[in-house]
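Asks: Just a sequence and a predicted model for now, questions to come.
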Amino acid sequence: MWGMAGTGVRVLTALPCDVQYGYDVETGDGLLYPGIDATDNALRWGFVRKVYGIVSIQLLLTTIVAATVMSVPRLHHVLAQSLAANILLMVLSVVLMIPLFVYKDQHPLNLALLGLWTAVMSTTVGVACSFYQPAIVLEALALTTTVVLALTAYSFWATARGVDFSPMIPLLGASLWVLIIWGLIQMFWRPGPVASTVFALLGALVFAAYLVLDTQLLVTRLGLDDYIWGSVMLYLDILNLFLYILRLLGERRD
């Protein structure tokens, strides 16, 4: 599993209520955070919409690819049973992050690389979902959608009121390392049901918190040209949240 977050965030300064909770008269959009002027607010709203548009396409592609892997028995059997295929997918998902970061500002190469990386990640999700009953996968998908919408709305609401989530960064970074190390240990020693439940619950909580933090970073910190990296951040948060919820809810096929 992978999770990403920035290393800082704009300090949000409290302003009088009529300014802090006001609206941009020119665009009709609410002020994203206290102290932003009308021009910057309009530009940043355009940036936010662009990122969420890209993430929506990524999630649609993931749904299509994962459903294909699950619905073709021969395909998911080969991918699920082949250690080499799983290692290749894992290595590709990491390796592709390098050119994706290096060329994130070079259009349309950045979009092509993002599409390729998303396809690799989608295949990995399809393999993971194939271990669970379809009903459990749909339940996890519905629950993830509800949680993502609620946390996104909360993050926008809190950011507009000057709440700063940057103190969460060290704690979330440490928690992510715990998840990574714990996950590596599980590759060699299969945990019991209690340990698996605790691991899945911790993972879901960590990436739920990352979603809140990264949404604020998207709104207040990322440059207007960083739409690729903003999309990667949110996509990884949502993807990992879904996989941990799936693990928390699901009964694996044996």
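Replies: Nice, I can see it.
Asks: can you give me the offset of the longest helix along the chain from its chain's centre?
Replies: As assigned by DSSP state H, the longest helix anywhere in the chain is helix 38-71. Centroid separation for helix 38-71 versus its chain: 11 Å, with C-alpha atoms, centre = their mean, to the nearest Å.
Asks: Now do whichever helix or strand comes after it against helix 38-71, angle only.
Replies: Using DSSP states H and E, the helix or strand that follows helix 38-71 towards the C-terminus is helix 73-81. Angle of helix 73-81 versus helix 38-71, following axes from the mean of the first three to the mean of the last three C-alpha atoms, to 10 degrees, is 110 degrees.
Asks: pLDDT on helix 73-81, on average?
Replies: For helix 73-81, mean pLDDT is 75.
Asks: Counting by contacts, list what that helix packs against.
Replies: Other elements packing on helix 73-81 under the criterion 3 or more C-beta pairs under 8 Å, 6 or more residues apart in numbering; DSSP states H and E are helix 38-71, helix 83-95, helix 109-129. Every C-beta, even on glycine, is put in place using the N, C-alpha and C of the backbone.
Asks: Spit out the contact partners of the closest residue to residue 246 other than its chain neighbours.
Replies: Leaving aside its sequence neighbours, residue 246 sits nearest to residue 140 (C-beta to C-beta, 6 or more residues apart in numbering; 4.0 Å). Each residue near residue 140 by C-beta atoms under 8 Å, 6 or more residues apart in numbering is listed here: 132, 242, 245-246, 249-250.
Asks: What is the nearest of these to residue 49?
Replies: Among the contacts of residue 140, residue 242 lies closest to residue 49 (C-beta to C-beta), at 22.8 Å.
Asks: Helix or strand: which one has the nearest residue to the closest one once chain neighbours are set aside?
Replies: Leaving out its chain neighbours, the residue that sits closest to residue 242 by C-beta to C-beta, 6+ apart is residue 144, at 4.3 Å. Per DSSP H and E, residue 144 falls inside helix 134-160.
Asks: ok, then the element right after that helix?
Replies: In N-to-C order, the element after helix 134-160 by DSSP H and E is helix 168-186.
Asks: Can I get that next one in PDB, CA atoms only?
Replies: C-alpha atoms of helix 168-186 as PDB (Å, rounded to 0.1, in the frame of the first residue of the first chain):
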ATOM      1  CA  MET A 168      -1.200  15.600  11.700                       C
ATOM      2  CA  ILE A 169       1.700  15.100   9.300                       C
ATOM      3  CA  PRO A 170       4.300  13.600  11.700                       C
ATOM      4  CA  LEU A 171       1.800  11.300  13.300                       C
ATOM      5  CA  LEU A 172       0.400  10.100   9.900                       C
ATOM      6  CA  GLY A 173       3.900   9.600   8.600                       C
ATOM      7  CA  ALA A 174       4.800   7.400  11.500                       C
ATOM      8  CA  SER A 175       1.600   5.500  11.200                       C
ATOM      9  CA  LEU A 176       2.200   4.900   7.500                       C
ATOM     10  CA  TRP A 177       5.600   3.400   8.300                       C
ATOM     11  CA  VAL A 178       4.000   1.100  10.900                       C
ATOM     12  CA  LEU A 179       1.600  -0.100   8.300                       C
ATOM     13  CA  ILE A 180       4.300  -0.700   5.700                       C
ATOM     14  CA  ILE A 181       6.500  -2.700   8.200                       C
ATOM     15  CA  TRP A 182       3.500  -4.600   9.500                       C
ATOM     16  CA  GLY A 183       2.400  -5.500   6.000                       C
ATOM     17  CA  LEU A 184       5.900  -6.800   5.100                       C
ATOM     18  CA  ILE A 185       5.900  -8.900   8.200                       C
ATOM     19  CA  GLN A 186       2.500 -10.400   7.200                       C
END
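Asks: what's next to stretch 56-70, contact-wise?
Replies: 75-76, 79, 114-115, 118-119, 121-123, 125-127, 129-130, 134, 137, 231, 235, 238-239.
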